[in-house]
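>>> Below are the sequence and a predicted model; questions follow.
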Amino acid sequence: MPSTSSEVETLGASERGADAHLEKSTAPPQPVATDAAAPPDVPDGGLRAWTVVAGATLTLFSSFGVVNSYGVFQSYYNTSRLTQEGESVLALLGAIQLACLYGLGPLIGKIFDSYGCSILMPLGSLLIVFSLMMLSICQPDQLYQYFLSQAVLFGIGCAMVFTPALAILGHWFRHRRGLALGIVAGGSSLGGVIYPITLQRLLPRIGFGWAVRTMAFIDLACLAFACATMRTRLPLRRQPAKSFLKFIDVGGFRDARFCLATALAFFMFYALFIPYFFIKQYAELQGMRPGLSQYLLPIINATGIPSRILPGLLADRIGVLNLLIPMVLGSGVLVLALWLPARGDAAIICFAAFYGLLSGGFVSLLPAYIARISPQSIYGARLGSVYAFVAIANLVGTPTAGAFVKAKTQEGFARLIGFTGALVIGGGCFGAVAWWLEYRKAKREAREKGVEWRWYT
C-alpha cells in the first residue's frame, strides 16, 4: 500500500512496543515502532470514528477496486477496442495504474501529513471521475487516449485518495486499528467483485461508453460521501517545501532484514497481479464458457476480503512473518500445483478462490513488517523506499507476462504460469531468510534476558 509517515498509526496489528515484544520472547519478534507517541484519548470507536472507516472503505472501493477490475477491461480491449495491440501493451495500461498508485504513495503521504484530506481527497476524487468520463469517450484503436485517461490520470487520482484513506485511521483508532485497517482494505476487494460483474453485464447492453460512465457515477457517489466524512483529528505537521523531496530513505538498506523484505516485495508484486489480468483468457482457452469465466476475477477478489481483514488481527498473536511467509509460499505452490495443470472448470475456479485467499493478505502484512523493523520517525520514508521497487515491479510485471501469450497457446500460458510461480516462490525464499534472521535474533535475546522463547507472539 502506498506509504505515509503517519500511516504507521494505522498498522495496529503490527505495533505494540519493542520492550513488551521482547519480554514475550517470541519468534520471529521484529523490532516494532512504538505507540508511545499516540495520544491517550484516541476514540478507538464510536459513531464518528466508524463513519471515517466507512468513508475510507468506499474510497478504496472506488479506487483500488477499479484497478483490481482491469482484467475485464483488458479482455474487452483485446476483442473490441484495441484489437491491433498486443497483450503486453494492453497489460501495460493496468500496470501504469499500479505503478502510479504505489510510486506516488510516499509523496502523497508527506502531503497528507502537512495538509490532511482537505486538498487530496477532493482533488483526487475529481481526477478519478474525470478520467473515467474521458475514458468513456475514447475512440477504438486510439491507444494514446486510453493511456492518458485510464493509465495516467486514473492512476494519479487513485494515489491521491488511497494513501489518505489508510493514514487517517491512525487519527481515530489505536487498539482496534487492525480491525479498522482490515475493513478498509477489504473495500478494494469488494470493488473488485462489484465492478467486474457490473461491467460485464452492462457492456453488451448499453455499450462501452455508458458502462464506464455508470462506473464513474458510482465512484462519484462513493467519493462524495468519503470527502464529507473523512476528517483528521490530530494536529497536522506542516513541513517546509524542500522536505517533500525527501520522501524516500535509503538507510534501511544497511539492515539485511530490510533488504530481504524489499526483495520479497519486488518478486511478489512482480507476479501478484498476473492471475488478475490473465486468468479469464486462460479459462476460455481451456473451453470455459464466457458466462462462467467472467466470474473468475470477482472470485479472486471476493476471497481476498477475509484475507485482508483476518491477517491484521492474527499478526499480533502469531507474528507477522509467521503468517506472511506461509501465505506467500502457499501462493507460489498453488500457482504451480493447481493453475499450471488446471484444464477443467472446477480446477480453475478452485485456483481462483484459493489464490485470492492466500495472496490477499500479503498487501496488508508487508507494511506491518516494515513497521516492525523501522523507527517510527522515518517509517513513511522507509516504506517509500520499498514501494519505489514495488512500483517498478508493477510497471513491468504484467507486460512481461503478456509477452508469453502473444499467440494465446497452451504452451504460452504454461510459460506464463511457470514464470509467475517461480517469482512468487523466489520472493517467499527471501522472506524465509528474513524469518531465519529474526529467529536467531529472538533466540539470542531470549537467552540473554533469561526468559522463555516461543515461536508465536
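Here it is on my side, so go on.

>>> alpha carbons only for contacts and neighbour counts from here, please
OK.

>>> what's the burial count for Leu181?
Neighbourhood size, Leu181 [other Cα atoms under 10 Å]: 28.

>>> Helix or strand next in line after the helix or strand containing it, which one?
Here Leu181 sits within helix 177-229, counting by DSSP states H and E. Following helix 177-229 in sequence order, the next helix or strand is helix 256-272 (DSSP H and E).

>>> so how far is that following helix off the chain centroid?
14 Å (Cα atoms, centre = their mean, to the nearest Å).

>>> So which bits of that helix are buried?
Across helix 256-272, burial judged by 16 or more other Cα atoms under 10 Å covers 257-272.

>>> Which strands or helices does it pack on?
Contact here means 3 or more Cα pairs under 8 Å, 6 or more residues apart in numbering; DSSP states H and E; on that basis helix 256-272 packs against helix 345-372, helix 379-404, helix 410-449.

>>> out of these, deepest packed?
Compared across these, helix 379-404 shows the largest average neighbour count, a mean of 25 (mean count of other Cα atoms under 10 Å).

>>> Now do that helix: distance to the chain's middle.
Offset of helix 379-404 from its chain centre (Cα atoms, centre = their mean): 11 Å.

>>> can you state the direction angle for it and helix 256-272?
Angle, helix 379-404 to helix 256-272, by axes from the mean of the first three to the mean of the last three Cα atoms, to 10 degrees: 40 degrees.

>>> The spatially closest residue to Leu104 that is not a sequence neighbour: which element?
With sequence-adjacent residues excluded and distances taken as Cα to Cα, 6 or more residues apart in numbering, Leu104 is closest to Ala159, at 6.2 Å. Taking DSSP H and E as the definition, Ala159 sits inside helix 154-167.

>>> Next, the closest residue to Phe173 other than its chain neighbours: secondary structure please.
In this structure, Phe173 finds its nearest non-sequential neighbour in Asp44, 4.2 Å apart by Cα to Cα, 6+ apart. Of the three states, Asp44 takes coil under DSSP: H, G, I helix; E, B strand; the rest coil.

>>> next helix or strand past the helix or strand bottoming out on mean pLDDT in the chain?
One helix or strand of the chain scores below all others by mean pLDDT, DSSP states H and E: helix 18-24, with a mean of 38. Remark: after helix 18-24, the chain's next helix or strand is helix 47-62, criterion DSSP H and E.

>>> Give me the contact list for that next one.
For helix 47-62, the external contacting residues (Cα atoms under 8 Å, 6 or more residues apart in numbering) are 43, 161-162, 165-166, 169, 172-173, 180, 183-192, 218-219, 222-223, 225-227, 229-231.

>>> Next secondary structure element downstream of it?
Immediately after helix 47-62, counting by DSSP H and E, sits helix 64-67.

>>> next one: that following helix to chain centre, how far?
Between the centre of helix 64-67 and the centre of its host chain there is 10 Å, according to Cα atoms, centre = their mean.

>>> can you check stretch 224-233 too?
Using Cα atoms, centre = their mean, the offset of stretch 224-233 from its chain centre is 22 Å.

>>> related to what we said a few turns ago, relative to helix 177-229, how tilted is the helix holding Ala159?
120 degrees.

>>> packing partners for helix 154-167?
Packed against helix 154-167 by the contact rule (3+ Cα pairs under 8 Å, 6+ apart) you find helix 47-62, helix 87-103, helix 105-115, helix 117-136, helix 177-229.

>>> Do I have it right that Leu92 meets Leu395?
Yes. Applying Cα atoms under 8 Å, one finds Leu92 in contact with Leu395, separated by 7.0 Å.

>>> just to revisit the earlier point, in JSON lines: the helices and strands packed on helix 154-167, plus mean pLDDT.
Output for these, formatted as JSON lines (pLDDT from 0 to 100):
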{"stretch": "helix 47-62", "mean pLDDT": "92"}
{"stretch": "helix 87-103", "mean pLDDT": "89"}
{"stretch": "helix 105-115", "mean pLDDT": "80"}
{"stretch": "helix 117-136", "mean pLDDT": "94"}
{"stretch": "helix 177-229", "mean pLDDT": "90"}
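
>>> and Gln286, which of those helices is closest to it?
helix 87-103 (18.2 Å; Cα to Cα).

>>> Can you tell me the closest non-neighbouring residue to Thr409?
Using Cα to Cα, 6+ apart, the closest residue to Thr409 is Leu285 (7.8 Å).

>>> measure the one you found to Leu334 for me?
As defined by Cα to Cα, to the nearest Å, Leu285 lies at a distance of 20 Å from Leu334.

>>> Could I get the contacting residues of the spatially closest residue to Phe273 that is not a sequence neighbour?
Excluding the flanking residues, the one nearest Phe273 by Cα to Cα, 6+ apart is Thr398, at 7.0 Å. Contact analysis of Thr398 by Cα under 8 Å, 6+ apart lists 88, 91-92, 95, 270-271, 273-274, 277.

>>> now, among those residues, which is nearest to Leu143?
Of all the contacts of Thr398, Leu92 has the smallest distance to Leu143: 11.2 Å, by Cα to Cα.
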